[in-house]
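**Student:** next comes the sequence, and after it the predicted model I'd like to discuss.
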Amino acid sequence: MSLVITDLTISAEDAVIDTDVSITVNPGELHIVMGPNGAGKSTLANALGGHPNYTVESGSIVLDKTDITFSKPEERAKAGLMLSMQHIPAIEGLTVTNFLRTAYNARFETKVNPAKFYRQLKELCDGVKLPHDVLKRHVGVGFSGGEKKRLEMMQLELFDPSYAILDETDSGLDVDALKLIAAKIQAMRKAGKGVLLITHHIAFLKEMTPDNVYIMASGKIVKEGDISLAETIETEGFESYG
Ligand SMILES: Nc1ncnc2c1ncn2[C@@H]1O[C@H](COP(=O)(O)OP(=O)(O)O)[C@@H](O)[C@H]1O
Ligand SMILES: [Mg+2]
């Protein structure tokens with residue numbers, strides 16, 4: 001059981017963006033991807049989530065022995081993968097509650113009682129300190145950066161993925177929210193879930209002792225190591241990996 005990314009090459013439109021990316025996330029592990037802006041980190045995350053703008057040219061993505069390389073996003077979700085996107089789109093006309101209920105029903109192949117589900121959502125909002133009124137608002141519309149990220153954290157709890165890809169879910173959060181997400185990541189690991197986190201926050205990582213740290217530059221993994229690699233980046237930056 002694990003999330004195995006093997007020699008993945010990804011393109012978008014005419015451009016090949018990421019090449020030969022290989023990462024294996026085992027249950028309970030936390031893997032960190034760092035790298036300068038434009039390195040291809042979000043491309044990797046979005047391709048793992050099955051974003052239609054990105055095409056897998058070669059390589060594979062296998063989740064708990066199921067090949068999901070070309071699966072639809074909803075099939076990946078059902079298999080236990082969750083992607084928290086760096087830039088969350090706004091969807092005018094779709095309330096957060098309806099969005100989450102539809103996604104939940106699809107993920108767990110169920111049909112929840114709407115009133116009961118709404119009560120559950122309110123409790124989950126309390127857990128991430130989101131006011132209940134976000135549930136009635138339209139997805140992403142007029143949300144602050146922090147509200148978007150807290151809603152993503154709430155979804156981690158709701159969808160209970162076996163593997164989570166978090167693309168800068170910790171960006172733009174205040175200290176309290178950072179603590180919340182660190183606690184959530186650690187709880188997931190303890191429960192045997194795997195996490196792939198794209199981040200720029202080195203101080204926040206130190207408390208979590210990641211299993212692996214990867215540096216991406218120009219669409220490739222150029223270095224792999226442990227937390228000491230992240231610490232080197234903190235003092236020296238990415239310059240030598242350009
Ligand atoms: N849909 C796309 N079409 C063409 N180029 C893209 C597309 N998405 C991203 N890119 C390019 O790929 C590179 C990597 O982008 P991205 O994965 O967002 O980097 P990061 O998340 O590491 O900052 C950038 O040069 C970006 O402009
Ligand atoms: Mg990005």
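**Tutor:** Great, that's in hand. Ligands and ions are numbered 1, 2, ... in the order given.
**Student:** what about the worst-scoring helix or strand of the chain on mean pLDDT, distance to the chain center?
**Tutor:** For the chain, scoring each helix and strand by mean pLDDT, DSSP states H and E identifies helix 202-206 as the least confident one, at a mean of 83. Taking CA atoms, centre = their mean, to the nearest Å, one finds helix 202-206 lying 17 Å from the centre of the chain it belongs to.
**Student:** that helix packs against which elements?
**Tutor:** Based on contacts counted as 3 or more CB pairs under 8 Å, 6 or more residues apart in numbering; DSSP states H and E, the elements that helix 202-206 packs against are helix 227-236. Yep, even glycine has a C-beta here, placed from its N, CA and C like the rest.
**Student:** now the residue of the chain most remote from its centre: which helix or strand?
**Tutor:** What lies farthest from the middle of the chain is A115; by CA atoms, centre = their mean that is 28.5 Å. In this structure, A115 sits in helix 114-127 according to DSSP states H and E.
**Student:** what comes up buried for that helix?
**Tutor:** By 16 or more other CB atoms under 10 Å, the buried positions in helix 114-127 come out as 117-118, 120-121, 124-125.
**Student:** spell out the secondary structure type for the nearest residue to L229 once chain neighbours are set aside.
**Tutor:** Excluding the flanking residues, the one nearest L229 by CB to CB, 6 or more residues apart in numbering is V213, at 4.6 Å. Here V213 takes the strand state, with states given by DSSP: H, G, I helix; E, B strand; the rest coil.
**Student:** mind listing what's buried in the helix or strand just after the helix holding A115?
**Tutor:** Heading C-terminal from helix 114-127, the first helix or strand you meet, by DSSP H and E, is helix 145-159. Buried positions in helix 145-159, judged by neighbour count with 16+ other CB under 10 Å: 147-156, 158-159.
**Student:** and those as CSV, adding distance to ligand 2 and pLDDT?
**Tutor:** As requested, the buried residues of helix 145-159 are exported to CSV (distance: CB to the ion, whole Å; pLDDT from 0 to 100):
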residue, distance to ligand 2, pLDDT
E147, 20, 93
K148, 15, 93
K149, 14, 92
R150, 19, 94
L151, 19, 95
E152, 14, 94
M153, 18, 94
M154, 22, 96
Q155, 19, 96
L156, 19, 95
L158, 24, 97
F159, 22, 97
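**Student:** check L196 and give its pLDDT.
**Tutor:** With respect to pLDDT, L196 scores 98.
**Student:** neighbouring strands - and their directions - for the helix or strand it falls within?
**Tutor:** L196 is located in strand 194-198, with elements delineated by DSSP H and E. For strand 194-198, sheet partners with direction are given as strand 30-34 (parallel), strand 163-167 (parallel), following DSSP bridges.
**Student:** ok, residues contacting it?
**Tutor:** Contacts of strand 194-198 with the rest of the structure, by CB atoms under 8 Å, 6 or more residues apart in numbering, involve 2-3, 23, 25-34, 41-42, 44-45, 48, 86, 162-170, 185, 188-189, 210.
**Student:** partners of the most centrally placed residue in the chain in the sheet?
**Tutor:** Central residue check for the chain by CA atoms, centre = their mean: the C-alpha nearest the mean position is that of L166, 2.2 Å away. Partner residues in beta bridges with L166, using DSSP bridges, are S84, L197.
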